[in-house]
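**Q** Predicted coordinates and the sequence they were generated for:
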Amino acid sequence: MPRPQYNRRMATTLRQSKNFIGGEWVDAASGETFESTSPADGELIGVFPKSGPDDVDRAVSAAREAYEHWRLVPAPKRGELLYRFAQLLVERKDEVTDLMTHEMGKVAPEAGGDVQEAIDMSYYMGGEGRRLFGQTTPSELRDKFNMSVRMPIGVVGAITPWNFPIAIPSWKIAPALVAGNTVVFKPATDTPALGQRFVELLDEAGIPKGVVNIVHGGGGSVGERLVRHPDVPVITLTGSRDTGVTVMRNGAENLKRIHLELGGKNAIIVLDDADLDLAVNGIVWSAFGTSGQRCTAASRVIVHEKVLGELSSRLVAAVEKLSLGPGWEDETDVGPVINRAALDKIHSYTKIGVDEGAKLLTGGETASDGDLAKGFYYRPTIFGDVEPGMRIAQEEIFGPTTALIPVKDADEAIRVSNGVRFGLSSSIFTQDVNRAFRAMRDLEAGITYINAGTTGAEVHLPFGGTKDTGNGHREAGQAALDVYTEWKSVYVDYSGTLQRAQIDNA
Ligand code: NAD
C-alpha cells in the first residue's frame, strides 16, 4: 500500500523549551532541566524544564484565575477556538508527524494517524460547543419548569503517557475546554516536545492566557503535586495500572474526580471458521503496530486448535518479513520502543516466557545490526504453546511480543479472553454470526471488534475499558463530557405561590 508522503526533518531543530503558565513561557523555579532524546537513534530532541511543586502551584493558580472568565465564554465560542486549533493541526500535520517519528519513534503513517485523531477530536468536541445537551422534563407541580444542565468543574489536571503524545492530550483537553474548564497539562517526560507543540498550537489558535498551562517534569514531582493540589478538582490520567492506583489514592484526600485509562492485556480470538488471511493481517497490525506499545495492542492470540498450526506458520512468516528501523524511513514497518528501560523489560519477559515453558517461535532478542544499535529496537516476538495462566499471558509487556494460546472451542476462547485483570479491547475472527453476537455480549471489555484486530478507535464513540483498565469513565464521544462536567438540576417555579416538593401534596 503506498504510504502518505511527509516532509522530513522539519521539526527536529533542537528545542530549548519552557513551561507555559498564565500565557508566559517560563523556566522551572529551580532552573533545572532534563533532555528528551530520540529512541530511534539517540538524537537530542530538546531540553525542558524539570519542574517541581512550586511550578505546579503557579500553574494551578493561573488556571484558577482564568477559569472565572473562561467558564463565562459562550460554549459555541469555546468550540470555535477548538476548530481553529484543529485547522492549525491540519496545516502543521507534516511537521508534527515528523517530530513524532523522532521523539516517540512511531512509523510515519501511525504518527500521522495520531495527529489526525487530535484533529478529529478537536472538530468533534468543537461541535459540542453547540450541543452540551441537558434534559428538560415535565414538573410534578403546576407552573413549574425543570431542566438539567452541564456545568464546568474548574481546573483539570491532565496527565498523559508517551505512546499517543498528540492524540491523548486532545482526548482530555478538548472536552475539558469546550465544557468551560481550564487545564494544567503534564505530558510524559519521554515526549515533552510533542506536548509543548500541542500547547503552542492552542496558544496560536487564540486560547486565552491561563486557560491551558503546561508544566514539564516527572510523575513523582509534577504529577503528584497536581493530583494532591486542593484547587484541582478533576484529574484525568492515562498510564499504567500502578500509577492509576497511586493517583486514586492521592486524589482521595480531596475527594477528587479521578478519571483513569490504564493498561490492557488484549486478546484476538481466531475460531476454526475464521478467514485466516484476514486474521493474520489483523494480528500483525494489532500486535506489532506501534511496536506493541498501544494500550489496545494484541498481546494474546487465542486460537482454535484446529487452525493453530496453519495460523502460527502463516503468522511467523508474515512477522519475519517486517523490517525494523527509524519511523521516518519509508521501508520501516516496526520502529523502536520508547527507551532503554522498556527494552530491558520486554526482553525480561522473553526470558520469563522461556522459563515458563512457552515455545519461542520467532524474535526474542534486541536488534542491533548497523544503525539499529543507536536506538532501542526489539525483534517482533511470538510465543507458542502458551498457557492462559502464564505471566506472559497475564501481565502487560507493552512491546512487540504476543502469545499464542490454543483452545478447544468458542466458549473456552471467551473464558480465556476474560481471564485477565484488564478489560480494554477484544476481538474475534469468525464467519458465524451467532458466535460473533455471543462474543459481543460475553467479552469483558470496553471495546469489541468483529473480524478486525484489537486496535483503532473512532473519536465519536466511548473509549476505555472495564475491570482494572479504568474506573468506569470513558474518553471520547459524549461519554467524555461526563468526566469534565457536573450535572445541575434547575427548577423554575413561576406559580407565584410557595409550592412544596417532596411533601405529600395528595
Ligand atoms: P506511566 O503510568 O508510567 O505514566 C503515565 C503518566 O503518569 C506520565 O505522565 C507520568 O509522568 C505520570 N505519573 C507517573 N507517576 C505519577 C504519580 N505518582 N502521580 C501523578 N502522575 C504520575 O505510563 P506510561 O509508561 O507513560 O504509558 C504506558 C501505560 O499507559 C501502559 O500501561 C498503557 O496500557 C497505558 N495506556 C492506556 C491507555 C488507555 O486509554 N487505556 C492509552 C495509552 C496508554
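**A** On my side now, so go ahead.

**Q** how near is the residue most central in space within the chain to residue 107?
**A** With distances taken as Cα atoms, centre = their mean, residue 168 lies nearest the centre of the chain, 4.6 Å away. Distance, residue 168 to residue 107, using Cβ to Cβ, to the nearest Å: 18 Å. Heads up, the C-betas are built off the backbone N, CA and C, glycines and all.

**Q** cool, and residue 20?
**A** 30 Å.

**Q** Look at the residue nearest to the centre of the chain and report its pLDDT.
**A** Residue 168 is assigned a predicted lDDT (pLDDT) of 98.

**Q** Report the secondary structure state of the residue nearest to residue 429 when sequence neighbours are not counted.
**A** Residue nearest to residue 429 in three dimensions, not counting chain neighbours: residue 274, with 3.7 Å by Cβ to Cβ, 6 or more residues apart in numbering. With DSSP: H, G, I helix; E, B strand; the rest coil as the basis, residue 274 sits in coil.

**Q** was I right about residue 274 contacting residue 430?
**A** Yes: with contacts counted by Cβ atoms under 8 Å, residue 274 reaches residue 430, the gap being 5.7 Å.

**Q** and the spatially closest residue to residue 385 that is not a sequence neighbour, backbone torsions?
**A** Distance criterion Cβ to Cβ, 6+ apart; nearest residue to residue 385, sequence neighbours excluded, is residue 359 at 4.4 Å. When read as degrees, to the nearest 10, the backbone of residue 359 gives phi -100, psi 120.

**Q** Look up the residues forming beta bridges with residue 359.
**A** For residue 359, the beta-bridge partners are residue 384 (DSSP bridges).

**Q** Next up, the contacts around residue 316.
**A** Listed by Cβ atoms under 8 Å, 6 or more residues apart in numbering, the contact set of residue 316 reads 361-362, 382.

**Q** Which of the helices or strands spans it?
**A** Secondary structure assigned from DSSP states H and E places residue 316 in helix 305-320.

**Q** same question, residue 251
**A** Here residue 251, judged by DSSP H and E, is contained in helix 241-252.

**Q** likewise residue 459?
**A** If you go by DSSP H and E, residue 459 is not part of any helix or strand.

**Q** From residue 168, how far out is it?
**A** According to Cβ to Cβ, residue 459 stands 12 Å off from residue 168.

**Q** for residue 238, same thing?
**A** Residue 238 is 5 Å from residue 168, where distance means Cβ to Cβ.

**Q** Between these two, which contacts overlap?
**A** Common neighbours of residue 238 and residue 168 (criterion: Cβ under 8 Å, 6+ apart): 160-161.

**Q** what's the neighbour count on the residue nearest to residue 429?
**A** Residue 274 is flanked by 23 other residues according to other Cβ atoms under 10 Å.

**Q** Give the burial count for residue 348, as a bare number.
**A** Other residues close to residue 348 by other Cβ under 10 Å number 11.

**Q** Tell me the buried residues in the helix or strand where it lies?
**A** Assigned by DSSP H and E, residue 348 belongs to helix 340-356. Using 16 or more other Cβ atoms under 10 Å as the test for burial, helix 340-356 gives 342-343, 346-347, 349-350, 353, 356.

**Q** By residue count, what's the longest helix in the protein?
**A** If you go by DSSP state H, the chain has its longest helix at helix 108-128.

**Q** Which strands or helices does whichever helix or strand comes after that one pack on?
**A** Remark: after helix 108-128, the chain's next helix or strand is strand 135-137, criterion DSSP H and E. For strand 135-137, the packing partners by 3 or more Cβ pairs under 8 Å, 6 or more residues apart in numbering; DSSP states H and E come out as strand 144-152.

**Q** got the angle for the strand it packs on vs helix 108-128?
**A** On the basis of axes from the mean of the first three to the mean of the last three Cα atoms, to 10 degrees, strand 144-152 is oriented at 150 degrees to helix 108-128.

**Q** Put the alpha carbons of strand 144-152 into CSV.
**A** What follows is strand 144-152 as a C-alpha-only set of coordinates in CSV (Å, rounded to 0.1, in the frame of the first residue of the first chain):
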residue,chain,number,x,y,z
LYS,A,144,-43.0,25.0,37.2
PHE,A,145,-40.2,24.2,34.7
ASN,A,146,-37.5,21.6,35.2
MET,A,147,-34.2,21.2,33.4
SER,A,148,-30.7,19.7,33.9
VAL,A,149,-27.6,21.5,32.6
ARG,A,150,-23.9,20.5,32.3
MET,A,151,-21.7,22.8,34.4
PRO,A,152,-17.9,23.1,34.2
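
**Q** Mind listing what's buried along that strand?
**A** Buried residues in strand 144-152, counted by 16+ other Cβ under 10 Å: 146, 150, 152.

**Q** For the stretch 351-500 of the chain, which residues are neighbours of the ligand?
**A** 396, 398, 424, 465, 469 (Cβ under 6 Å from any ligand atom).

**Q** State the mean pLDDT of the helix holding residue 316.
**A** Mean predicted confidence for helix 305-320 is 98.

**Q** Figure out how far it is from the centre of its chain.
**A** Chain-centre distance of helix 305-320: 30 Å, with Cα atoms, centre = their mean, to the nearest Å.

**Q** swap in stretch 40-47?
**A** Distance, centroid of stretch 40-47 to centroid of chain: 23 Å (Cα atoms, centre = their mean).
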